[in-house]
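Trainee: structural data only, the sequence is not supplied:
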């Protein structure tokens with residue numbers, strides 16, 4: 001097991017770094033500087049970094065006292081602290097803006113590679129025959145590969161903490177108060193990194209209550225209290241709202257039609273999860289057998305499956321369900337631990353022979369799609385500019401000039417020695 005875990009971490013981390021560049025999306029810029037601010041100044045105030053002045057407004061908020069603070073929850077920066085802090089001691093900041101993005105990418109890659117290791121360990125307990133194909137799908141065939149590993153988004157840290165919680169909750173010693181408290185802390189930190197992961201924290205607590213495991217439920221609550229309490233206090237202090245925090249200014253009344261957001265997140269040619277990761281079609285097969293399981297994991301996994309579905313519905317009604325400039329359905333990154341586990345459950349129930357070979361082919365296709373996203377970045381800017389329309393994301397349903405096609409064309413152009421792309 002140890003050798004497999006080390007091999008997974010090294011191999012996946014290496015793949016994430018192979019394209020030699022970070023993702024320069026605005027959501028990822030501030031977090032590495034937050035670490036520097038904490039280490040050098042003991043605060044979240046970003047005013048010492050004029051490189052961020054262009055973000056002041058929506059992404060970085062100016063408080064009444066003049067302080068600049070990131071609108072995002074601080075969990076990603078706090079998770080990155082052990083990696084970035086040594087560099088922060090060398091300079092303020094230690095690198096240029098692009099260098100800080102690269103450092104953030106290293107953290108994102110570490111988080112996703114470590115998540116894959118934790119996922120593999122968990123999958124070995126729940127669906128051992130599917131551990132390798134499910135882990136490859138998880139780490140290389142989803143947006144965790146093409147998006148979360150490429151910068152210090154909130155997704156990598158949040159997914160890492162969710163996988164840590166799932167590994168603790170499915171361990172042999174999960175009936176101990178201390179292990180449940182550790183799982184609660186991990187779930188609380190996931191919410192600190194990405195608030196919408198609260199669905200999984202609630203699902204975990206509910207599953208323990210349903211099974212009347214009162215001691216473990218108490219441990220989960222105690223462990224999650226510190227990060228959740230810290231988040232509420234910080235949100236109140238900075239933004240005046242303990243729950244919404246930096247998202248309080250979002251237009252919560254602006255909701256797309258359910259068919260548009262849900263269809264877009266699941267099947268749109270330029271955003272749908274089942275298009276970018278077709279192997280996840282097998283999650284439906286996994287759900288069929290999940291509720292028929294008689295083992296100790298059924299209640300927990302069922303709760304997480306419901307939390308995954310609620311996450312999809314939440315972002316389907318989100319005013320920006322498209323997720324901005326990204327490759328694929330990045331807003332669903334945190335659902336990948338449970339959806340890939342459901343894939344594993346479904347894979348185990350397939351008969352040996354052509355059904356499993358077909359499933360492996362879908363995994364290979366999913367990996368190919370996300371490697372295209374990883375290396376076809378030359379087609380990203382022009383494609384996004386062509387699809388920056390005020391149509392609520394309807395253009396993402398078009399069958400021509402899809403995002404996958406644009407990235408694949410960019411790779412072919414690179415191989416042929418050409419630059420740029422044409423629609």
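Mentor: Nice, thanks for sending it over. Note that the coordinates shown come from a computational prediction; the quantities given were computed from them, not determined experimentally.
Trainee: okay, now residue 391: neighbour count?
Mentor: Number of residues near residue 391 (other C-beta atoms under 10 Å) recorded here: 10. Heads up, the C-betas are built off the backbone N, CA and C, glycines and all.
Trainee: likewise the one 5 residues further on?
Mentor: Residues near residue 396, counting by other C-beta under 10 Å, number 22.
Trainee: buried residues in the helix-or-strand element of the chain with minimal mean pLDDT?
Mentor: When each helix and strand of the chain is scored by mean pLDDT, DSSP states H and E, helix 283-290 comes last, with a mean of 89. Burial within helix 283-290, assessed by neighbour count using 16 or more other C-beta atoms under 10 Å, is assigned to 283, 285-287, 290.
Trainee: repeat for stretch 202-220
Mentor: Residues 202-208, 213, 216-220 are the ones in stretch 202-220 that count as buried (16+ other C-beta under 10 Å).
Trainee: buried residues in stretch 39-55?
Mentor: Buried residues in stretch 39-55, counted by 16+ other C-beta under 10 Å: 39-40, 44-49, 51-52, 55.
Trainee: coming back round to it: who's in contact with the least confident helix or strand of the chain?
Mentor: With contact meaning C-beta atoms under 8 Å, 6 or more residues apart in numbering, helix 283-290 is reached by 298, 301-302, 305, 339, 341-347, 349-350.
Trainee: and the next helix or strand after it, what does it pack against?
Mentor: Following helix 283-290 in sequence order, the next helix or strand is helix 298-316 (DSSP states H and E). For helix 298-316, the elements it packs on are helix 198-210, helix 258-267, helix 283-290, helix 336-348, judged by 3 or more C-beta pairs under 8 Å, 6 or more residues apart in numbering; DSSP states H and E.
Trainee: from the chain's centroid, how far away is helix 298-316?
Mentor: Centroid separation for helix 298-316 versus its chain: 15 Å, with C-alpha atoms, centre = their mean, to the nearest Å.
Trainee: that helix versus helix 336-348: what angle between them?
Mentor: Interaxial angle, helix 298-316 versus helix 336-348 (axes from the mean of the first three to the mean of the last three C-alpha atoms, to 10 degrees): 120 degrees.
Trainee: what's the angle from helix 298-316 to helix 283-290?
Mentor: On the basis of the same axes, to 10 degrees, helix 298-316 is oriented at 150 degrees to helix 283-290.
Trainee: quick one: average confidence on helix 298-316?
Mentor: For helix 298-316, the mean per-residue pLDDT is 96.
Trainee: ok, now stretch 350-358?
Mentor: For stretch 350-358, the mean pLDDT works out to 92.
Trainee: give the buried residues for that stretch.
Mentor: Under the neighbour-count criterion of 16+ other C-beta under 10 Å, stretch 350-358 has 350, 356 buried.
Trainee: likewise stretch 63-83?
Mentor: Buried-residue list, stretch 63-83, by 16+ other C-beta under 10 Å: 68-80, 83.
Trainee: same question, stretch 232-249
Mentor: Neighbour counts over stretch 232-249 (16+ other C-beta under 10 Å) mark 234-235, 238-239, 245-247 as buried.
Trainee: nearest to residue 268 among the residues you listed?
Mentor: residue 247 (24.2 Å; C-beta to C-beta).
Trainee: show the pLDDT at that closest one.
Mentor: 85.
Trainee: am I right that it is in contact with residue 195?
Mentor: Yes. Contact criterion C-beta atoms under 8 Å: residue 247 and residue 195 qualify, at 7.5 Å.
Trainee: re the thing from before, just the buried residues of stretch 39-55: which are in helices?
Mentor: Counting by DSSP state H, the members of the buried residues of stretch 39-55 that fall within helices are 39-40.
Trainee: switch the buried residues of stretch 39-55 over to CSV; also include pLDDT.
Mentor: Output for the buried residues of stretch 39-55, formatted as CSV (pLDDT from 0 to 100):
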residue, pLDDT
39, 96
40, 96
44, 96
45, 96
46, 96
47, 96
48, 96
49, 96
51, 92
52, 94
55, 92
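Trainee: strands along the stretch 51-200 of the chain, start to end?
Mentor: Ranges of strands in the stretch 51-200 of the chain, per DSSP state E, counting those that start in this stretch, are 60-62, 68-70.
Trainee: which other helices and strands contact the last one?
Mentor: I take that to be strand 68-70. Looks like strand 68-70 contacts helix 30-41, strand 60-62 (3+ C-beta pairs under 8 Å, 6+ apart).
Trainee: tell me the strands beside that strand, with direction?
Mentor: strand 60-62 (antiparallel) (DSSP bridges).
Trainee: quick one: average confidence on the strand it pairs with?
Mentor: Per-residue pLDDT values across strand 60-62 average out to 93.
Trainee: got it, and stretch 9-20?
Mentor: Averaged over stretch 9-20, pLDDT sits at 96.
Trainee: which residues does it contact?
Mentor: 105-106, 108-110, 112-114, 116-117, 139-140, 145, 149-150, 371, 374-375, 377.
Trainee: show me which helix runs longest in the protein.
Mentor: Assigned via DSSP H, the chain shows its longest helix as helix 97-126.
Trainee: give the contact list for the spatially most central residue of the chain.
Mentor: Closest to where the C-alpha atoms of the chain average out (C-alpha atoms, centre = their mean) is residue 155, at 2.9 Å. Going by C-beta under 8 Å, 6+ apart, residue 155 touches 143-144, 147-148, 194, 330, 333-334.
Trainee: redo these as CSV? Include neighbour count.
Mentor: As requested, the contacts of residue 155 are arranged in CSV below (neighbours: other C-beta atoms under 10 Å):
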residue, neighbour count
143, 27
144, 32
147, 28
148, 30
194, 24
330, 23
333, 27
334, 25
